[in-house]
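Just to be clear, the model below is a prediction. Sequence and coordinates:
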Amino acid sequence: MSKVAYLMGAGASYGKREKDSLERGIPERITEGLPTVDEMPIRLRKVKELFEQYTFNNDDIIENKNTNDSLTYRNCQRLLVDDFEWLIENSGKHATIDTFAKKLFLTGKKEEYAKLKRLLSVYFKVEQLMTPPDSRYDSFLATVLQPNVKGQLRISEDISILTWNYDSQFEIAYMGYLSDGLYKENIEFPSDLGIDIHSNVSDFVKPFSRHDNGERQIFKLNGSAAFHTEYSMAHYYLNHHGQLDDGMIRAILEIYAAPYYKNGESKLSMLNFAWDSENEYEAKTNYKERIESAICDAISLVVIGYSFPYFNRETDAFILSKMKNLEHIYIQDPHAGDIKESLINLLRKIDSGLSKDKIILQTNVGQFFLPPEL
C-alpha cells in the first residue's frame, strides 16, 4: 500500500497563461493546461464558435449502421452548437457549471443532466487537443515513474493519486512516456495503468479487469470527460498531434450526436459528480473499498490545487477518515492558508487527531510537490 497519497483539484491543471492576455483580463491564450472555473464561460463560447465556423454540404451524411436512416454533419453541427448555447446561457445563471449540474440532478432533469455531461466531455476533449497539457504532469512522471519487473514504466508503488479532475492531463502526459523508446508499449488506456474511473456507466468494468501489479494507483473521483467505448484522450492527442483537424471535428460530431440517431450505440459520457456516488456502479465494483485499500497506510497527504468545496465534503471526509496513520498534510496552492482553514474544519468533522502544526503550506506551485517521505 502507498505511503504517500495525493489529492488533486482543478489547480493541478492550471498550466500557464500568456502575460498580456492576463493583464487585459481575457484568458484567450492558455499556453498550457486548462481553464479555471472563472475562465470557462469565455472558453465555452470560443469552442462553440469554433464548431460554428465549419462548413458542411447538405449531402455530407453520417451513415447509420443500425437503421436505414442517416444524418448530415450539418445537422449534427447545429445540434452541438445549439446545445453549447443552452449550456452557456443556463450555466451563466449560476455560480459555476457544477452548480447548474447539481440543480439538474436535484430537480430530476435526467436528459438535460446527461446532455450537460456530454457537452463537458466534448468541451474538455477540444480544449486538450488545442492546448498542451500542464507541463508539471510531465515533470512529476519523470520523477515517479520506474520500470517494474516486467520492464514496464509504472508509477512508484509508494504513491496513490486521487484526483477530482475529470480532465485527461495525467493520461496525455503518461502516454508521452509509453509511446517511444526502450519502454514503448501498445497499451489500452486507462485499464493497463490502474487508472480507476468513477463512472456511473454501469457496464464500464474494463479498467478493473486487468492490471500488471493488481494495484490501482490513480483514482478519478469525478469520472472522466470522455465517452464510453471510444479511445482515450491520450490516444487522440498522440494520434492527432494535438491538432483539431477536420477528421477530429467530424469524429466529435458523430460521437456527440450518436444518442440522437443511433439505436443501441449511444456514446455515454464517463463524467461523474460527487453526488452521483450512490449507484449500481459502486455496489458492483466496491469502489470505496478500492480507494481505502490504496490509501489506508499513507503517512503523508499532498493536496494540490484543491479547496475542499462543500459539494465534495462527504467523499473528502471518507478519504481523510481512512488515512489513520497520517503524520503530515502538505497543501500546495497560492492560497494554501485559506485552504488550510477548510481542511481543519473537515478534520474536526471526522475527529482526526492530526494537529494543526502538521499541516504544512507550500505556496510555490512551479512543480508538483514531492514530500520528504518519498
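Thanks, I have it.

now L374, nearest residue through space, not along the chain?
Spatial nearest neighbour of L374, chain neighbours left out: V4 (5.7 Å); criterion: CB to CB, 6 or more residues apart in numbering. From N, CA and C alone the C-beta is placed, and that goes for glycine too.

Please report how far that neighbour lies from R118.
35 Å (CB to CB, to the nearest Å).

now L7
Distance from L7 to R118, by CB to CB: 27 Å.

next one: T107
On the measure of CB to CB, T107 and R118 end up 18 Å apart.

likewise G366?
In terms of CB to CB, G366 sits 35 Å off from R118.

Please identify which of those two sits among more neighbours.
Set G366 next to R118 and count neighbours by other CB atoms under 10 Å: R118 wins out with 23 against 7.

Now the more buried one: which helix or strand?
R118 is part of helix 110-130 when elements are defined by DSSP states H and E.

now this protein, which segments are flagged as low pLDDT?
Flagging of the chain using pLDDT under 70 yields the residue ranges 1, 19-28, 63-70, 183-194, 199-215, 229-232, 234-235, 238-242, 258-267, 277-285.

just so I have it, where are all the helices in it?
Along the chain, counting by DSSP state H, helices occupy 19-23, 40-52, 73-91, 97-106, 110-130, 135-144, 169-178, 233-239, 246-261, 280-285, 287-295, 313-321, 336-349.

orientation of the third one relative to helix 246-261 in degrees?
Read it as helix 73-91. Angle between the axes of helix 73-91 and helix 246-261 is 80 degrees (criterion: axes from the mean of the first three to the mean of the last three CA atoms, to 10 degrees).

Report all helices and strands that helix 73-91 contacts.
The contact analysis (3 or more CB pairs under 8 Å, 6 or more residues apart in numbering; DSSP states H and E) places helix 73-91 against helix 40-52, strand 61-63, helix 97-106, helix 110-130, helix 246-261.

In a markdown table, list these along with distance to T72.
Formatted as a markdown table, the helices and strands packed on helix 73-91 follow (distance: least, CB to CB, whole Å):
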| stretch | distance to T72 |
| --- | --- |
| helix 40-52 | 15 |
| strand 61-63 | 5 |
| helix 97-106 | 29 |
| helix 110-130 | 18 |
| helix 246-261 | 10 |
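
between these, which one is nearest to I329?
Comparing the helices and strands packed on helix 73-91 by their distance to I329 (CB to CB), the top pick is helix 97-106, with 24.4 Å.

the inter-axis angle of the closest one versus helix 40-52?
Using the same axes, to 10 degrees, one finds that helix 97-106 and helix 40-52 are set 80 degrees apart in direction.

And helix 97-106, what does it pack against?
Checking 3+ CB pairs under 8 Å, 6+ apart, helix 97-106 ends up next to helix 73-91, helix 110-130.

Out of those helices, flag the one nearest A317.
Shortest separation from A317 across the helices and strands packed on helix 97-106 is recorded for helix 110-130, at 24.7 Å, computed as CB to CB.

Please work out the angle formed by the directions of the closest one and helix 169-178.
Using the same axes, to 10 degrees, helix 110-130 lies at 40 degrees relative to helix 169-178.

mind listing what's buried in helix 110-130?
By neighbour count on 16 or more other CB atoms under 10 Å, the buried set for helix 110-130 is 112-129.

May I have the distance across stretch 236-249, first residue to last?
The stretch stretch 236-249 measures 12 Å between its terminal residues, going by CA to CA, to the nearest Å.

give me the number of residues near D316?
Neighbours of D316 (other CB under 10 Å): 25.

How many residues are close by R216?
20.

my guess is it contacts D196, does it?
Yes - assessed by CB atoms under 8 Å, R216 is found in contact with D196 at 4.4 Å.

follow-up on the earlier one: for K16, which of the helices and strands packed on helix 73-91 is the nearest?
Closest approach to K16 among those (CB to CB): helix 110-130, 14.2 Å.

and that closest one, how far from the chain's centre?
When distances are taken as CA atoms, centre = their mean, to the nearest Å, helix 110-130 is centred 12 Å away from the chain's centroid.

other SSEs contacting it?
In terms of contacts (3+ CB pairs under 8 Å, 6+ apart), helix 110-130 is packed against helix 40-52, helix 73-91, helix 97-106, strand 223-227, helix 233-239, helix 246-261, strand 269-271.

Out of those, which one sits most buried?
The highest mean neighbour count among the helices and strands packed on helix 110-130, using mean count of other CB atoms under 10 Å, belongs to strand 269-271: a mean of 27.

Show me what that strand is in contact with.
With contact meaning CB atoms under 8 Å, 6 or more residues apart in numbering, strand 269-271 is reached by 114, 117-118, 120-121, 166, 197, 199, 201, 204, 222-228.

what sits against A274?
A274 is in contact with L221, N222, F311, N312, E314, T315, counting by CB under 8 Å, 6+ apart.

let's go with 10 Å and repeat that
Going by CB atoms under 10 Å, 6 or more residues apart in numbering, A274 touches 98, 102, 164, 198, 221-222, 309, 311-316.

out of the residues you listed, which are buried?
Using 16+ other CB under 10 Å, the buried ones in the contacts of A274 are D98, K102, W164, H198, L221, N222, F311, N312, T315, D316.
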